[in-house]
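> Based on what follows, work out the 3D shape:
(4 chains)
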Amino acid sequence: MSPARPPEGARTAAREGGGSPVSAPARKLRVATTSLAGCFGCHMSFLDIDEHLFELVELIEFDRSPLTDIKEVGPCDIGLIEGGVCNAENVHVLRAFRRNCKTLIALGACAVNGGLPAQRNHLPLSECLREVYQFRPGIANGQIPNDPELPLPLDKVRPIHEVVRIDYFLPGCPPSGPAIWKFLTDLIAGRTPRLTGGLLHYD
Amino acid sequence: MHTQAPTPCSALDGILQHHGHRPTELLQILINAQQLEGWLPAPTLTYLARALHLPRARVEGVAGFYSFLYTRPAGRFRVLFSDNITDRMLGNAELMDALCRKLWIEPGKLSEDGLVSIDATSCTGLCDQGPAMLVNGRAIGQLNHRRINEIAELIRQQRPLAQWPSEYFHIDDNIRRRDALLNLDMKPGAALASAIARGRAGWLAEMQASNLRGRGGAGFATAVKWSSARNAPGEPKVIVCNADEGEPGTFKDRVLLNTYADLVFEGMTLAAWAVGASEGFLYLRGEYSHLLPQLEAVLARRRAEGLLGMRILHEPGFDFDIRIHLGAGAYVCGEESALIESLEGKRGTPRIRPPFPVTCGYLGRPTVVNNVETLAKTCLIALQGGEAFAATGTAQSAGTKLLSISGDCAAPGIYEYPFGVSIARVLEDCGASDTQAVQVGGASGICLAGYEFQRRIAYEDVPTAGAFMIFDGTRDLFEVARSFVHFFTHESCGFCTPCRVGTALLKGFMDKLADGHGAQADLADIDWLDRLLKNASHCGLGSAAPNPVIDTLQKFRPAYERRLVSLDFEPAFDLDAALAEARQLTARDDPGAHLHTHEEGTS
Amino acid sequence: MSFELETAVNREGLRRVAIDPVSRVEGHGKVTLLLDEAGHVKEARLHIVEFRGFEKFIQGRPYWEVPVMVQRLCGICPVSHHLAAAKALDPVVGALTLTPTAEKIRRLMHYGQILQSHALHFFHLSSPDLLFGFESPVQQRNIVGVAAAHPEVARQGVLLRKFGQEVIRITAGKRVHGTGAVPGGVNKSLTAAERDELLADADQMIAWSRDAVHLARRLHESDRALYDEFGLFRSHLFSLVRADGAMDLYDGHLRLRDARGHIVRDGIPCADYEQHIVEEVKSWSYMKFPFMKDLGPARGWYKVGPLARVQNCDFIPSALAEIERQAFIAHGEGEPVHAPLAYHWARMIEMLHAAEVIRSLLDDPDLLSNQRMNEGTKGREGVGIIEAPRGTLIHHYRVDDDDLVSYCNLIVSTTHNNQAMNEAVRQVARRYLDGRQLTEGLLNHIEVAIRAFDPCLSCATHALGKMPLVVELLTADGSLADRVAHGG
Amino acid sequence: MSKQFLLDGQPVPFEDGQSILEAARKAGHYIPSLCWHKDFPAHGSCKLCIVKAAGRHVSACATPAKEGWEVESNTPEMNGERRALLQMLFVEGNHFCPSCEKSGSCELQALGYEYEMLTSRFRHFYPDRPVDASHPDVLLDFNRCIFCELCVRASRDVDGKSVFALTGRGINKHLVVNAESGRLADTDFSKDDLAAHICPVGVILHKGPGFAVPIGERTYDAASIRSQKLKEEES
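The predicted model follows:
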């Protein structure tokens, strides 16, 4: 009933291994990652799988990601999105990921619920922009940047599930390295991912 | 605390005096205090709190609960357009728009000179003569453009309401079909005399024989309620007449109180006789405050005639009197425990049950809460006997039922039928044609499609408090359901999570569809919300709130489906509009400054 | 310096090329180039395209929430923001000095942060360019490629970063976005077990860091022509230094050297930053352009970060790193080194310094003490300046009588380098792209220059925003003629 | 023989007048709650304790146990509804756990973990709610209020001050304090009041400590809310 497929009442399946090594699938899964209005903390946490990174690259290959020089997402098995949607460009990137990724995952608090950037949502955008670029001490040539190269900010920062359909959610600010490892190994092994054993956090 | 004395101190003192400085009268005091300035300034709340020895926050809490109480300046003329679906069908939106334009104001906002505010309100119970409005609480029906023009002029001239043409305030009964109750021509006191003659136990036995069930919709056996209260410990016992007729589309109580008030009060007194109660309240919805003077007059006459007060009809120990409490725009107070809270001068939040009011009601005392029509019917039983009463109607639904008929028919108004009458028969009688659907029982009731018109009005088939709204083939049942969802969202008391948030979410989904952002996934979410509201809500408001959606999704699903723009997913908001503020700030209008909300080719 | 290519004289009819997003950097930005018909570069800009608005919405929040909240500016150097904010707010709780325990735990946390961030930047993000060449195949030019070709280098990079992250976890409770520093001190000390856990690996980290310095140096010396000239421009150098002139990444006063290496401003107390720095807003970037007020926008801009710091200090107060610093200085032959690619070398020297500082702090018994908090007469304002991995980071807050933040000003490291990065982009565009058929590999040269600065575009977008690199070739009338799917 | 009912098939003894929730917890079975508190009468507003008793949905905190009842609580259906209720609470307020000092000790958050709430799923309301920092010792951040009324009840029934009350209605319902100015500083609230210590989420906060408790030592870092609440029951 929801756009997501959360592990509704999957309590009976409580026996899968926490981050157990995974046998390689028939072919490497193609994975793309990106950060929208995030801080890259989730990508840092991704790297916090430490040495598992070398195991992981035996199982997956990267498409577009801040770690590669592939600029546009192509057909992928899994897309990981960090950050919420704060401007027009985020919308384009998010939609491109949705078009290309069979499974799209909201990674981290900002993608899941807007996160800290959404704390501007109760303020008028004009107030935020004026305060930062026009009316403060220590500014020269105060103006609101308006070049067509710059994506315009949305009036509110949105969680990504309010803009496209999302398949899985992995909360946390950021989710820990072990949580990401558990989630990905579940997914790669064909299990519905679950964050058990203290891996689920919102902070 | 920063307290400046409210300006009309002596006037407030007078109001407090009138209500005996009783905290239980808080709502009544606030209603009266508001009449001084048209709203309740902060110092007024502080002053009243002090005088009543109540925490100020509690007074503020009560003032903030009721729609008709204003804690911000609200205009010397406060215009509220009735916004039931029947008003909408009669073009209330256009009329409201016209009045706003003529007076240069936006809905929901006070004009700069403080003269007037215009807003919408839930159904005012004039569905048979809508579109309707309330001006400073006074009801005006049969609105049309001519009348709106005149009203605009009167407001502009700041003409006091008392000088407005009296025909504006005339309200018709529109009784179209009479049966046992509406044909009853009873001399006040006759039913009482008969019941007293039977003795309390005998009278209760007669009630039992009648099989009378509550006309508020739930259908609880009245005699059982009375005897439970009678047997419950605690004194003095209380009889409450629930005249908080807030269900959209119903107006039978308005007519009963307008023309048959003696039957209602006599019914209350009959209940008091059975239960052994000495205190009575009529809880009158704020929308019907225009009835207040005449009701007070009836009470005064009945006191003078010995039908109220000490030793009623000279019966030793039969002491009973009735006070009228006004509501102030809160549908949830129709729920009996919320009504009792409101009577006690509190926010109208439904209580946890058990305990039920019959054992622990008003101020913890055994309390009977009966519907207006139920109480009026007891006069029939007292006069004609329980068995005679039970002889009409169906096996489980004794007697007659008043229906408030409105919507697409030739003759809207009040119809009294023996229970068991078919929908089709009613439609025929009121001159309805090309009927697509009937909403029986109001917003919380049931939506019947054509194939169900042979069903019957009865507790065992289609139960109803009396609302009967007719929609012909030109109507959009999705919009009907959406208007009811708006109603419940507005009227949710906010006490429990599922109703407080769930109604707002449901409204969001219905508006998403209406705004052209619907997707297949939304229907599944709506369905899930419906079930959660039904299962998890604290009271009947929350569990009934999804009814119109459930029914129409089942019976008129294409009305939803034709609104979908995606078979998969669609954002709830307009992405391009979300960039509007930034466009304006940067003076940009290049292609990159826009977004297509509906992504082409991906649904 | 020139602003020659910042804005083309006649923008109509020029071909637009965009690199969007800039990849293998932390954050999201894009570069646009405008070319004439002969392919001459007429304009080159690095745009920061995201705006997040922290400075606004932080107002009205209680001050004690701020160090935790502002970390979310940046997941790469959260500790820097955490500590800069805590330092700014120490005076608000009246903690004019910290307990030795609090000071040392914060330092430990910060040097852990320097270590992990520098390792990340060098090994995970930049080493593919340096090891494989700027025009090497896209498929190989990433950490996975490095792991395949140079497994030991990749492994050490991953483990160095892991160690830094573990230092942070133990001091802050979490690897990313912890809570260790609170205004007036810290919320936890180390247990002996925690200290021993770190001690077990500390010497290895020093050894590997030294190897990394040598790797960077070898790369540099192996192709001096490229490394010394690539993207070269001269500018002022700006950073904190300790009172005695030593490198100190946690605290100190501000110092500015000119392009020739002369100290032109020194001993500026942090609290006075406002009197010296002004930020210019340009219409084409959400990231501002700071400059020294008295020198003006044309002359007053500067570089920050490892390249500035290694040369701005008088010495590095740890033995091995100081030896490496001297080798670095010697490379300049009496002139400051301005080559952007030398950032990598300087960065590795700092990583070695960080490993040494961590090692020596771990011997300090104060880390285990429970004397964590100081307080005194409450203040209403504070400035916290710290040397984040990428450079000088300024946090400035005012707090109202009710303890809520009433003013917040943030100047982050990458913002200080905004003009410098733009200049490097222009130099590279002029030198390598001008008049040539653009290829993915050529465009990567632009990104190599940007990467040298280790821009943290997440930080840079604290204002409400973000950094993407696409290549579109537009015809004179502006329609799309070609699109180089850069890296695709 | 004491009376008993069956909770998810397990016999649970109870005494007359005891609610399903109280009897269950006493017997070592956890039924979740936010607005229920052992020292106050049942409130029944959060609905987290919803169970199916004899086939009907009821609030376990407000429903007296009955002999022989079969009660379903820890089932996929009931837990799914609880998760949805949690999602509703998350979207209606501004719950930014990452920068909330109550994180790790917040009951709403802990229940989110307990019921594996991975997303708040619905549209976020992002309401504009105030912060009241006027009081010298205590800060009110209304962004996080879940309307459990524990502060209202504690202040009225125990502290004898009635500092808090609810006003407004429906989704616009909100907490107010007992002062014409609307400022906590203008009430007789004290940091020693019970009401200053009873908030299950991060609305009523003592000024200053902030993030004084390190990650790992917060209330629900080590043990789940389920085990914590059952442990409280034993003590």
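
> which residues touch B:Thr392?
B:Ala180, B:Ala398, B:Gly399, B:Thr400, B:Pro418, B:Phe419 (Cβ atoms under 8 Å, 6 or more residues apart in numbering or on different chains). Backbone N, C-alpha and C define where each C-beta goes, glycine included.

> Buried members of those into ChimeraX, please.
Buried residues among these (16 or more other Cβ atoms under 10 Å in any protein chain shown), as a ChimeraX selection:
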select /B:180,398,399,400,418,419
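
> and which of the contacts of B:Thr392 is nearest D:Asp39?
B:Ala398 (48.5 Å; Cβ to Cβ).

> Report the rounded mean pLDDT for stretch D:53-67.
When pLDDT is averaged along stretch D:53-67, the result is 96.

> ok so, going back, take the contacts of B:Thr392 and keep only those in strands.
Using DSSP state E, the subset of these located in strands is B:Thr400, B:Pro418.

> Next, format the contacts of B:Thr392 as TSV and append pLDDT and distance to chain A.
Formatted as TSV, the contacts of B:Thr392 follow (pLDDT from 0 to 100; distance: Cβ to the nearest Cβ, whole Å):
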residue	pLDDT	distance to chain A
B:Ala180	96	49
B:Ala398	96	43
B:Gly399	97	44
B:Thr400	97	44
B:Pro418	97	44
B:Phe419	97	39
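
> partner residues bridging A:Val31?
A:Val31 forms beta bridges with A:Phe62, A:Ile78, as assigned by DSSP bridges.

> Count residues in the vicinity of it, would you?
Counted with other Cβ atoms under 10 Å in any protein chain shown, residues neighbouring A:Val31 total 25.

> Packing partners of the strand or helix carrying B:Thr86?
Assigned by DSSP states H and E, B:Thr86 belongs to helix B:85-89. On a contact count with 3 or more Cβ pairs under 8 Å, 6 or more residues apart in numbering or on different chains; DSSP states H and E, helix B:85-89 meets strand B:400-407, strand B:467-472, helix B:477-491.

> what residues are up against the nearest residue to D:Gly182 once chain neighbours are set aside?
What sits nearest to D:Gly182 in space, not counting adjacent residues and going by Cβ to Cβ, 6 or more residues apart in numbering or on different chains, is D:Val176, at 6.5 Å. Applying Cβ under 8 Å, 6+ apart to D:Val176 gives the contacts B:Ala57, B:Glu60, B:Gly61, B:Gly64, D:Phe164, D:Ala165, D:Leu166, D:Thr167, D:Gly182.

> Buried deepest among the helices and strands packed on helix B:85-89, which one?
Mean neighbour counts were taken over the helices and strands packed on helix B:85-89 using mean count of other Cβ atoms under 10 Å in any protein chain shown, and the top value, a mean of 28, falls to strand B:400-407.

> mind checking the backbone torsions on B:Asp97?
phi -60, psi -40 (degrees, to the nearest 10).

> Around it, how many other residues sit close by?
Neighbour number of B:Asp97 under other Cβ under 10 Å is 15.

> now the one 10 residues further on
B:Pro107 is flanked by 15 other residues according to other Cβ under 10 Å.

> Spatially, which residue comes closest to residue 183, not counting chain neighbours?
I went with chain A, as the question did not name one. Here the residue nearest A:Phe183, using Cβ to Cβ, 6+ apart, is A:Pro193, at 4.5 Å.

> my question was about chain C
C:Leu89 (3.8 Å).

> In contact with that neighbour, which residues?
Going by Cβ under 8 Å, 6+ apart, the list of residues near C:Leu89 reads C:Tyr63, C:Trp64, C:Val66, C:Pro67, C:Pro183, C:Gly382, C:Gly384, C:Tyr397, C:Val399.

> Identify the residue spatially nearest to the closest residue to chain C within the stretch 101-250 of chain B, adjacent ones excluded.
Residue of the stretch 101-250 of chain B nearest chain C, by Cβ to the nearest Cβ: B:Lys109 (26.3 Å). Spatial nearest neighbour of B:Lys109, excluding adjacent residues (Cβ to Cβ, 6+ apart): B:Ser117 at 6.8 Å.
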